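>>> Predicted coordinates and the sequence they were generated for:
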Amino acid sequence: VKVNMYVCGPTVYNYIHIVNARPLIFYDMIKRYFLSLITCTCFYLLAASFTSKNGNYEVLKVTAPFPMQPIKVFIYPDKDFIITDFGAVNGGRVDNTKAITSAIEACNQSGGGRVVVPAGTWLTGPIHFKSNVNLYLEENAVLNFTDNPSDYLPAVMTSWEGLECYNYSPLLYAFECENVAITGKGTLQPKMDTWKVWFKRPQPHLEALKELYTKASTNIPVIERQMAIGENHLRPHLIHFNRCKNVLLDGFKIRESPFWTIHLYMCDGGLVRNLDVKAHGHNNDGIDFEMSRNFLVEDCSFDQGDDAVVIKAGRNQDAWRLNTPCENIVIRNCQILKGHTLLGIGSEISGGIRNIYMHDCTAPNSVMRLFFVKTNHRRGGFIENVYMKNVKAGTAQRVLEIDTEVLYQWKDLVPTYEERITRIDGIYMDKVTCESADAIYELKGNSKLPAKNVMIRDVKVGEVKEFVKKVNNVENVVEKNVTYDRKGK
């Protein structure tokens, strides 16, 4: 038997030679050989890269307190499609939407690669991705998006605060794509004059929200929920990837956004790293995962006008229809310079949320809440196995809060079509320090279905300004080594 040691490894190589030398133990050795061969195969499948029928991938192993699949990162073909070769003009005055669209089409048709945006300022309308396309922003490249709403028509299938609809195209949009990326050291910077006017919520906008809520609550088909009309003014997302696989966002800057900044909706698998995100407008969450799974976020900076990192799972009947939980997401080594919440869970959680892990992050300045779990009696769904560990913060109103009756403007705007209480089971906070807080934790469960199994361990606060803790309708709260230096008032 001739065996290559570098193929099977020294252990299997030795087994084969022992088999040749000692036939009496042939069957035992063969059994061990095949077990070792299976082990070798599994090892190589989990190595640095592998090839599938859809291309080459790098694999990243992620450690979490729950089973977590390795993250696949697509290795894009070594082909560049420079937007100037398709007619793009630098300077921020000429609309380059058609040139960028042509470059994306050519890239996709050739099997994939990079669509390159060179250094300079490039005015554009919406950018629609196709599979196997990496939009690469060179250093000092700025994509400057128009703020003319008509540029973002025709309407596309998207969602608005947890409800599916047809609305103005997001500024960067991918629908049912596989292997899509935005990378490089350039900047996404939309013009904001129109969108800032739309930050307000006048009566026509509120009526549009009522219309969308009613249609979603009564199972009107999504195609009939046309919201990009009249004075509805439902602002588009900056980045909205919808039902995509293998997403990569790496290295670029964001400066302002019309609505939610990065929205990964019903996506499966991806990596978000090395981003510098700053958006201080209305509803400017940093990154929202909604009904998505298997993601790693690392080494990012968020400076937000709303929540920083948010986990969502759709709203009410619409999410019950889709029945897709948000799960298996790890956030690590990120810095939150400003935001309402460091880690927000909800309030759109009707599809269910589980297996979320944030660790080794900092919020050195001020946030309203470090860890906020929010839902209401209309949502249903579940929240389970959510972890925060090794976090350092400046000031906060609450270090940890659970609130089961968060309704915002929807409280009196629309009725409750069906009551469903959210099941909350397994909220864990460990090794958190905060310079000052109004309160360490406030847990407000629902009396009809109390939250349970909340672990708060090794939490240290400098000054507590109002109260240490309040707990209602929560079972099995375990507190270990929760301390503070001084108490105000």
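Everything's here; your move.
>>> The host helix or strand of Ala174 pairs with which strands, parallel or anti?
Secondary-structure assignment from DSSP states H and E places Ala174 in strand 172-175. Strand 172-175 pairs in its sheet with strand 127-128 (parallel), strand 239-242 (parallel), by DSSP bridges.
>>> Quick check, central residue of this structure?
Note on the chain: the residue nearest the mean C-alpha position is Phe289, at 3.3 Å, using Cα atoms, centre = their mean.
>>> so it touches Asp307, yeah?
No: in this structure, Phe289 is not within contact of Asp307 by Cβ atoms under 8 Å, at 11.8 Å. Every residue, glycine included, has its C-beta placed from N, CA and C.
>>> Outside of the strand holding Ala174 itself, list whatever touches it.
If you take Cβ atoms under 8 Å, 6 or more residues apart in numbering as the criterion, strand 172-175 is touched by 126-130, 135, 156-158, 180, 182, 188, 238-244.
>>> hmm, which helix or strand of the protein has the shakiest average pLDDT?
helix 5-8 (a mean of 30; mean pLDDT, DSSP states H and E).
>>> beta partners of the residue nearest to the centre of the chain?
Leu264, Ile311.
>>> wait, what's in contact with it?
Contacts of Phe289 were listed using Cβ under 8 Å, 6+ apart, and they are 264, 267, 295, 310-312, 326, 329.
>>> go with 10 Å
Residues near Phe289 by Cβ atoms under 10 Å, 6 or more residues apart in numbering: 262-267, 270, 272, 295, 297, 309-313, 326-327, 329, 331, 353, 356.
>>> What's opposite the nearest residue to Gly92 once chain neighbours are set aside in the beta bridge?
Nearest residue to Gly92, sequence neighbours excluded (Cβ to Cβ, 6 or more residues apart in numbering): Thr121, at 3.9 Å. Counting by DSSP bridges, Thr121 is bridged to Val142.
>>> got it, and Lys480?
Applying DSSP bridges, one finds that Lys480 bridges with Arg457.
>>> count of neighbours near it?
For Lys480, the neighbour count with other Cβ atoms under 10 Å is 10.
>>> Test my guess that it contacts Tyr428.
No: the pair Lys480 / Tyr428 is not scored as a contact, 11.5 Å apart, by Cβ atoms under 10 Å.
>>> Do a quick rundown of the strands in the stretch 1-150 of the chain.
Taking DSSP state E, counting those that start in this stretch, the strands of the stretch 1-150 of the chain run over residues 49-52, 55-60, 71-74, 80-82, 113-117, 120-124, 127-128, 133-137, 141-145.
>>> For Leu443, find the nearest of the ones you listed.
When the strands of the stretch 1-150 of the chain are compared by Cβ to Cβ, strand 71-74 sits nearest Leu443, at 32.8 Å.
>>> Quick one: mean pLDDT over the closest one.
On average, the pLDDT along strand 71-74 is 96.
>>> try stretch 142-153
Mean predicted confidence for stretch 142-153 is 98.
>>> again, but for stretch 285-300
On average, stretch 285-300 scores 98.
>>> what's the span of it from first residue to last?
14 Å (Cα to Cα, to the nearest Å).
>>> List the buried residues of it.
285-298, 300 (16 or more other Cβ atoms under 10 Å).
>>> Also stretch 180-196?
For stretch 180-196, by 16+ other Cβ under 10 Å, it's 180-192, 195.
>>> and which of those is nearest Lys253?
Thr187 (4.3 Å).
>>> does that closest one have beta-bridge partners, and which?
Val142, Lys253.
>>> Now do the same contact list for it.
Contacts of Thr187 (Cβ under 10 Å, 6+ apart): 117, 121, 137, 139-144, 252-255, 276.
>>> before we move on, what about Thr101?
The neighbours of Thr101, taking Cβ under 10 Å, 6+ apart as the test, are 83, 86, 115, 124-128, 130.
>>> what residue ranges in the chain score low on pLDDT?
1-54, 489 (pLDDT under 70).
>>> how about the helices of it, start to end?
Along the chain, counting by DSSP state H, helices occupy 5-8, 10-21, 26-45, 97-109, 193-198, 203-217, 316-322, 410-413.
>>> Count the neighbours of the nearest residue to Val477 once chain neighbours are set aside for me.
In space, and not counting its chain neighbours, Val477 is closest to Val454: 4.8 Å by Cβ to Cβ, 6+ apart. Using other Cβ under 10 Å, the number of residues around Val454 comes to 24.
>>> Can you tell me how far Val454 is from Ile82?
From Val454 across to Ile82, the span is 53 Å (Cβ to Cβ, to the nearest Å).
>>> same thing with Glu105?
14 Å.
>>> so who does Asn134 touch?
74, 76-77, 80-81, 107, 112-116, 179-184, 248, 250.
>>> still on that earlier bit, I'd guessed the residue nearest to Gly92 sits against Asn90; true?
Yes: in this structure Thr121 lies within contact range of Asn90 using Cβ under 10 Å: 6.6 Å.
>>> Tell me the residues that contact both of these two, please.
With Cβ under 10 Å, 6+ apart, Thr121 and Asn90 have common neighbours Ala141.
>>> tell me, how many neighbours does the closest residue to Pro190 other than its chain neighbours end up with?
With sequence-adjacent residues excluded and distances taken as Cβ to Cβ, 6+ apart, Pro190 is closest to Phe145, at 3.9 Å. Number of residues near Phe145 (other Cβ under 10 Å) recorded here: 27.
>>> contacting residues for Phe145?
Here Phe145 is in contact with 97, 122-127, 151-152, 171-172, 188-192, 195, 236, 238, 256-258 (Cβ under 10 Å, 6+ apart).
>>> try Thr324
243, 265-266, 268, 290-293, 313-314, 351-352 are the contacts of Thr324 under Cβ under 10 Å, 6+ apart.
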